[in-house]
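Q: how does the following fold in three dimensions:
(one chain, ligands or ions: 1)
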Amino acid sequence: MPRLLDPARFGDLDLANRVVMAPMTRSRATVDGDATALMAEHYGARATAGLIVTEGIAPSEVGKGYCRTPVLDGPERVPGWRAVTDAVHAGGGRIVAQAMHVGRIAHAANKAPGTETVAPSAVRAAGAMYTDDEGMQPFDEPRELTTDEVAAVVGEYRRFAALAMDAGFDGVELHGTSGYLPAQFLSSTANRRTDRYGGSLQARIRFPVEVLEALVDEVGAGRVGLRICPGNPFNGLEDDPADDVEATFRAFLSAIRPLGLAYLHVIRRHERDPGVVLDNLAMARELHDGALIANDSFDAAEADAAIDAGGCDAVSFGRHFLATPDLVARIGDGRGPERFDPKTLYTPGPLGYTELG
Ligand SMILES: Cc1cc2nc3c(=O)[nH]c(=O)nc-3n(C[C@H](O)[C@H](O)[C@H](O)COP(=O)(O)O)c2cc1C
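A: Residues are numbered from 1 along each chain as shown. Next up, the predicted model:
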């Protein structure tokens, strides 16, 4: 059976190994949302990963929620990302762009002036987020998207995929968890709509299904991945009933199965967490025919064992990559990752990002 350092082919993506760098927001874009030279240096230094998934990138200004996070919504954004993909390709790596529309998990101070916050329904999420100008602020009260506007947001994801190809990315990953827009549509508590995008289970899954259809139509299924974590309560989804979550994800994964996505990127949930009844990896294996990337709190030995046992085809590492750009080499010779400094996760500048230790 293959192990962590064996090559793989997921759809149209050929990976030198099965060590994936998990998507991590680091807030090193410009205030306006452009990719920077620092980001190219950061990703380029991690090019020995079999696949890099970028930090979440908003497909529109409206879809941006956090300070200094990137937006990919027009051709003027492409050169910044081209430098990133060139740096990764020069090191022999592969990189996909994560499309992350935050929906209601946003604050106006983190967006361009006058940009609104939208969601499936006008239901504010409990909680707060950091802003550079005003410190911690409660999440915005979102405005409910009209039916026509939902279709327009699908179009924004399609444009994102086209721009990602222009920028030299090898593919795109839809961020479908952590309480952001697709997860809001799937949720029976955040989505209170009564049109074709809400109400019944089939209506709740319609938005992410349409987004994936658009991405596949634009770049081909072999270059599209989806990140999920059924039952993830993060960012205001803790009230979704467990039985509803299972039915929702069974219907969602069954509906997209014919698309033949290159991979599913699945965050497992720990049995020790309160209320966890689903085995996310097993459900994904059952309902997806392509590759499976597993995530969350793996070390190299456990990852090797999981791939060896056939539970997944690759494992993504987030925090281990923060202070350890050469994680793949260290897995090869048995050295562990360096400790990272949590104080520099989201601060501007090179410290803790390209300047380590
Ligand atoms: C600083 C930081 C930023 C993150 N940003 C994102 C993100 O933009 N998109 C996403 O899907 N997950 C994001 N995550 C979650 C990680 O991709 C990953 O699921 C998590 O760190 C668990 O994996 P690990 O145990 O290997 O670190 C982030 C995690 C961290 C630590």
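Q: and the helix or strand where Y130 lies, what does it pack onto?
A: Using DSSP states H and E, Y130 maps to strand 128-131. The contact analysis (3 or more CB pairs under 8 Å, 6 or more residues apart in numbering; DSSP states H and E) places strand 128-131 against strand 135-138. Any C-beta I mention is one placed from the backbone N, CA and C, and that applies to glycine too.
Q: convert the strand it packs on to PDB, retaining C-alpha atoms only.
A: C-alpha atoms of strand 135-138 as PDB (Å, rounded to 0.1, in the frame of the first residue of the first chain):
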ATOM      1  CA  GLY A 135     -10.200  45.500  17.700                       C
ATOM      2  CA  MET A 136     -12.600  42.600  18.400                       C
ATOM      3  CA  GLN A 137     -16.100  43.200  17.000                       C
ATOM      4  CA  PRO A 138     -19.300  41.100  16.900                       C
END
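Q: identify the residues contacting it?
A: Strand 135-138 is contacted from outside by 107, 109, 124, 127-131, using CB atoms under 8 Å, 6 or more residues apart in numbering.
Q: relative to it, what are the paired strands and their orientations?
A: strand 128-131 (antiparallel) (DSSP bridges).
Q: what's the mean pLDDT across the strand it pairs with?
A: For strand 128-131, mean pLDDT is 97.
Q: which parts of this structure sit against the ligand?
A: 22-25, 55-56, 98, 100, 175, 227, 267, 295-297, 317-320, 345 (CB under 6 Å from any ligand atom).
Q: out of the residues you listed, name the ones that lie in strands.
A: Counted as lying in strands by DSSP state E, out of the residues of the chain next to the ligand, are 55-56, 98, 175, 227, 267, 295, 317.
Q: contacts only, for the residue lying closest to R319 once chain neighbours are set aside.
A: In space, R319 comes closest to F340 once its chain neighbours are excluded; the distance is 6.4 Å by CB to CB, 6 or more residues apart in numbering. By CB under 8 Å, 6+ apart, F340 lies in contact with 319, 322-323, 352.
Q: need those in CSV (columns: neighbour count).
A: Shown next, in CSV, are those (neighbours: other CB atoms under 10 Å):
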residue, neighbour count
R319, 15
L322, 22
A323, 17
G352, 19
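Q: okay, these in TSV with distance to R82 and secondary structure next?
A: What follows is the contacts of F340, written out as TSV (distance: CB to CB, whole Å; DSSP: H, G, I helix; E, B strand; the rest coil):
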residue	distance to R82	secondary structure
R319	28	helix
L322	25	helix
A323	27	coil
G352	25	coil
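Q: out of those, the closest to the ligand would be?
A: Nearest to the ligand among these is R319, at 3.5 Å by CB to the nearest ligand atom.
Q: tally of neighbours for the residue nearest to A242 when sequence neighbours are not counted?
A: Using CB to CB, 6+ apart and skipping the chain neighbours, the partner closest in space to A242 is V277 (5.1 Å). The number of residues packed near V277 is 11, by other CB atoms under 10 Å.
Q: hang on, G310 packs against M1?
A: Yes: contact criterion CB atoms under 8 Å: G310 and M1 qualify, at 6.5 Å.
Q: show the buried residues in the residues of the chain next to the ligand.
A: For the residues of the chain next to the ligand, a neighbour count by 16 or more other CB atoms under 10 Å gives the buried set as 22-25, 55-56, 98, 100, 175, 227, 267, 295-296, 317-318, 320.
Q: quick check: the closest residue to A214 other than its chain neighbours vs L212, distance?
A: Distances taken as CB to CB, 6+ apart place R158 nearest to A214, at 4.1 Å, with adjacent residues excluded. Distance of R158 to L212, computed by CB to CB, to the nearest Å: 11 Å.
Q: just T354 next, same as before
A: 34 Å.
Q: more neighbours, those two?
A: Between T354 and L212, counting by other CB under 10 Å, L212 is the more crowded of the two (24 against 17).
Q: secondary structure element holding that one?
A: Applying DSSP H and E, one finds L212 within helix 206-219.
Q: could I get that helix in PDB with only the CA atoms?
A: The C-alpha trace of helix 206-219 is given here as PDB (Å, rounded to 0.1, in the frame of the first residue of the first chain):
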ATOM      1  CA  ARG A 206     -28.500  23.300  -4.000                       C
ATOM      2  CA  PHE A 207     -26.100  26.200  -3.600                       C
ATOM      3  CA  PRO A 208     -22.800  24.200  -3.000                       C
ATOM      4  CA  VAL A 209     -23.900  21.700  -5.700                       C
ATOM      5  CA  GLU A 210     -24.300  24.600  -8.200                       C
ATOM      6  CA  VAL A 211     -21.000  26.100  -7.100                       C
ATOM      7  CA  LEU A 212     -19.200  22.800  -7.700                       C
ATOM      8  CA  GLU A 213     -20.900  22.400 -11.100                       C
ATOM      9  CA  ALA A 214     -19.700  25.800 -12.100                       C
ATOM     10  CA  LEU A 215     -16.100  25.200 -11.000                       C
ATOM     11  CA  VAL A 216     -16.100  21.800 -12.800                       C
ATOM     12  CA  ASP A 217     -17.500  23.400 -15.900                       C
ATOM     13  CA  GLU A 218     -14.800  26.100 -15.800                       C
ATOM     14  CA  VAL A 219     -11.600  24.100 -15.100                       C
END
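Q: reformat the ones in strands among the residues of the chain next to the ligand as TSV; add distance to E116.
A: Converted to TSV, these look like this (distance: CB to CB, whole Å):
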residue	distance to E116
E55	23
G56	19
Q98	23
H175	20
R227	26
I267	29
N295	32
F317	36
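Q: let me know the closest of those to V71.
A: Checking those against V71 with CB to CB, the nearest one is G56 at 10.5 Å.
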